[in-house]
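S.K.: the following block contains a protein sequence and its predicted model.
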Amino acid sequence: MGKNRVIRDFKLNKLLYLMILPVIAYYIIFHYIPMYGALIAFKDYSPMKGILGSDWVGLKHFHDFFSSYYFTRILKNTLVISLYSLIFEFPAPIILALLINEVRSKTFKRVAQTITYMPYFISLVVICGIITDFTNADGIINRLFMLFGYDGQAMLQKPELFRPIYILSEIWQRIGWESIIYIAALMSIDQEQYEAARIDGATRLKQIFYITLPGILPTITIMFILRMGNMLNVGFEKIILLYNPVTYNTADVISSFVYRKGLLEFGWSYSSAVGLFNSVVNLALLVTANYISRKVNKSSLW
Amino acid sequence: MQMKATFSERVFDVVVYAVLLILIVSTLYPLLYVLFASFSDAGQLVANKGILWHPLGLSFEAYTSVFKNPGITTGYKNTLFILVCGTVLNLIMTALGAYVLSRKDVLWNNLFMGLILLTMFFSGGLIPLYLVVKGVGLLNTLWATIIPFAIGTFNLIIMRTAFKGIPDALEESAKIDGANHFTILFRIIIPLSMPVIAVMILYYAVDKWNGWFYASIFIRSRELFPLQLVLREILIANSTDSMASGASAGDRFQIGETIKYATIMVATVPILCVYPFVQRFFVKGVMVGSVKG
């Protein structure tokens, strides 16, 4: 190490450094300056004074948030929605991949994949438009229920129905796409293992549990860790398209709250404090999940 | 050596196919419903109380209204601008970053990589980003939906892994012939990585086509709204009235219903026509990304 090495490296790789310059500039401007900008969480930001000129208020905004009525509500909603999607949405693509893996007809396999990928490419706005329309008091879903003697109701106005609608539509949209990574993992399992199992007389169900699932376990673990790191990142884009004041009680999550307080009500500093709290907890969750997974089954992100 | 299928094996097959069929139908039917409804006669559709298996009557009225709507056409134009410029910028930036970071003996690469990876797990948040976009003067321009999202970090990592997998020998011989890094990247590396590039184009393009949130906070002028923002007004805020001008209030409500479905089709069909062609690259794209290193 030393000055000489730095200079030699720079002379040799001048062009490479020139090439990566815009990339580094991008990350500094649009990722690192916002991190620095998160300082306004500890200040009373006013656009007139700028980030540096605004007055320090320490932890006031955090204190306000933790002691407010919203804190428990949005934390609970975020965790509950995350937990539901962990329980119901996370396993869905794994099951789909296993099912597709058991199909022998190539054509059927391909058709099933193409069709289940489709919803992933439909925009969120359109998906939410369809959800809004279908769950209307006279929408198609209610018409189905009415066939069985239920009364029609505007489902998105029911706080208790928000989470099921959210999770189900999430599964509908993402199951195919998220199965791709498991299908890729399935393809790398050694086929001779199945051959051997068949000779030993193992049923296909047994083969799934003793060969296929263990074979894709590392992939499942990695996806699980990533999911854990995102526990507090419930997709707020979808939530702000679907919720309304009637359903805030079950639907409002941390990120939708940040959006509302910050950009609609201009509580810049307060909202940044909430956002920062979210980022820090996320990071902590990710590190914890990674640590546990490394201890338990030796696969980890780092 | 195919053994005779036992009874339980056959039951297993039936269950697999049945579950998949149910899944396929429940994926497809909502979209078919929208398709049928968009071609239906407005009055018949509103009166309908059952399930829809085919268009009720055949009417193109909704589509004519959609294409006559200035919001939709300028929305389309803005989205195409964002899509083309955005995806090109995304690809150039991602390729530049991936190329340099895939080189072995660059002194600062580890530092760069660390800086980039950290942004995947920690971010300053929405408000600080808004302040930066405002600070660099991008607010209320189409570029506000392009430049702040010039690189998807995950995509960068996928591309870097793909570039790393290309044998060094090819570059060495090019270097001997006097090629510089730009030539190597654009003449050798990129042509050899077409499957990954195809997946990248798809990822980025879908993102641009479907993006609405950042446009909704960065763009104020209506004439700059991308398609998805226009759609949000029509579909979520329920304002089809302006499109059904000249009709009586009752008719307007009825036509409004079919207009909604026609709008969904117009905004969705283009992207649904594209992805099956790139589908064979999906698995490959994911595989490349999941290899560590």
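M.R.: Yep, that arrived. Owing to the predicted nature of the structure, the values given are computational and were not obtained by experimental measurement.

S.K.: tell me how far residue B:275 lies from chain A.
M.R.: Noted for residue B:275: a distance of 5 Å to chain A, by Cβ to the nearest Cβ, to the nearest Å. Every C-beta, even on glycine, is put in place using the N, C-alpha and C of the backbone.

S.K.: dump the residue contacts of that residue.
M.R.: Applying Cβ atoms under 8 Å, 6 or more residues apart in numbering or on different chains, we find residue B:275 in contact with A:117-118, A:121, B:202, B:206.

S.K.: neighbours of residue 126, just the number please.
M.R.: I'll assume chain A. 22 (other Cβ atoms under 10 Å in any protein chain shown).

S.K.: wait, chain B
M.R.: Count around residue B:126 with other Cβ under 10 Å applied: 23.

S.K.: how about low-confidence regions in the stretch 1-150 of chain A?
M.R.: Scanning the stretch 1-150 of chain A for pLDDT under 70 picks out the ranges A:1.

S.K.: quick one: is stretch A:23-37 near chain B?
M.R.: Yes. Using Cβ under 8 Å from any Cβ of the partner chain, stretch A:23-37 reaches chain B at A:23-24, A:26-27, A:29-37.

S.K.: what's the PyMOL syntax to select whichever of those residues are buried?
M.R.: For the buried members of the residues of stretch A:23-37 next to chain B, the matching PyMOL selection, counting by 16 or more other Cβ atoms under 10 Å in any protein chain shown, is:
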select buried, chain A and resi 23+24+26+27+29+30+31+32+33+34+35+37
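
S.K.: as CSV, the residues of stretch A:23-37 next to chain B with secondary structure would be great.
M.R.: As requested, the residues of stretch A:23-37 next to chain B are exported to CSV (DSSP: H, G, I helix; E, B strand; the rest coil):
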residue, secondary structure
A:23, helix
A:24, helix
A:26, helix
A:27, helix
A:29, helix
A:30, helix
A:31, helix
A:32, helix
A:33, helix
A:34, helix
A:35, helix
A:36, helix
A:37, helix
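
S.K.: okay if I get the residues of stretch A:23-37 next to chain B as CSV plus distance to residue B:63?
M.R.: Formatted as CSV, these follow (distance: Cβ to Cβ, whole Å):
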residue, distance to residue B:63
A:23, 44
A:24, 48
A:26, 41
A:27, 44
A:29, 43
A:30, 40
A:31, 43
A:32, 47
A:33, 46
A:34, 43
A:35, 47
A:36, 50
A:37, 46
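
S.K.: close to chain B: what parts of the stretch 201-302 of chain A are there?
M.R.: Checking the stretch 201-302 of chain A against chain B by Cβ under 8 Å from any Cβ, the hits are A:203-205, A:219, A:222, A:229, A:237, A:241, A:255, A:258-259, A:262-263, A:268, A:271-272, A:275-276, A:278-279, A:282-283, A:286.

S.K.: repeat the analysis, applying 6 Å as the threshold.
M.R.: Taking Cβ under 6 Å from any Cβ of the partner chain as the contact definition, the stretch 201-302 of chain A meets chain B at A:204, A:237, A:241, A:258, A:262-263, A:268, A:271-272, A:275, A:279, A:283, A:286.

S.K.: from those residues, pick the one nearest chain B.
M.R.: For those, the minimum distance to chain B (Cβ to the nearest Cβ) is 3.2 Å, reached by residue A:275.

S.K.: now, the residues of the stretch 201-302 of chain A next to chain B that are in helices?
M.R.: A:204, A:237, A:241, A:258, A:268, A:271-272, A:275, A:279, A:283, A:286 (DSSP state H).

S.K.: among these, who's most crowded?
M.R.: residue A:272 leads those on contacts (other Cβ under 10 Å) with 30 neighbours.

S.K.: which residues touch it?
M.R.: With contacts defined as Cβ atoms under 6 Å, 6 or more residues apart in numbering or on different chains, residue A:272 is in contact with A:38, A:40-41, B:125, B:127.

S.K.: out of these, what pair is the most spread apart?
M.R.: The most widely separated members of the contacts of residue A:272, counting by Cβ to Cβ, are A:40 and B:125 (9.7 Å).

S.K.: okay, now the closest residue to residue A:130 other than its chain neighbours: neighbour count?
M.R.: Spatial nearest neighbour of residue A:130, excluding adjacent residues (Cβ to Cβ, 6 or more residues apart in numbering or on different chains): residue B:30 at 6.1 Å. The tally of other residues near residue B:30 (other Cβ under 10 Å) stands at 20.

S.K.: tell me which element residue B:30 is part of?
M.R.: Per DSSP states H and E, residue B:30 falls inside helix B:7-38.

S.K.: now for that helix, which elements pack on it?
M.R.: helix A:91-102, helix A:106-117, helix B:249-290 (3 or more Cβ pairs under 6 Å, 6 or more residues apart in numbering or on different chains; DSSP states H and E).

S.K.: and those helices as JSON lines, adding distance to residue A:61?
M.R.: Shown next, in JSON lines, are the helices and strands packed on helix B:7-38 (distance: least, Cβ to Cβ, whole Å):
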{"stretch": "helix A:91-102", "distance to residue A:61": "38"}
{"stretch": "helix A:106-117", "distance to residue A:61": "43"}
{"stretch": "helix B:249-290", "distance to residue A:61": "38"}
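
S.K.: quick one: closest of the ones you listed to residue A:75.
M.R.: Comparing the helices and strands packed on helix B:7-38 under Cβ to Cβ, the one sitting nearest is helix A:91-102, at 24.9 Å.

S.K.: let me see the contact set for the residue of the stretch 101-250 of chain A found nearest chain B.
M.R.: When scored by Cβ to the nearest Cβ, the stretch 101-250 of chain A has residue A:129 as its residue closest to chain B, at 2.8 Å. Applying Cβ under 6 Å, 6+ apart to residue A:129 gives the contacts B:235-236.

S.K.: element containing it?
M.R.: Per DSSP H and E: helix A:124-134 holds residue A:129.

S.K.: equivalent analysis for residue B:89, please.
M.R.: helix B:70-102.

S.K.: report the angle between that helix and helix B:249-290.
M.R.: Our comparison of helix B:70-102 with helix B:249-290, counting by axes from the mean of the first three to the mean of the last three Cα atoms, to 10 degrees, yields an angle of 10 degrees.

S.K.: cheers, nothing more for now.
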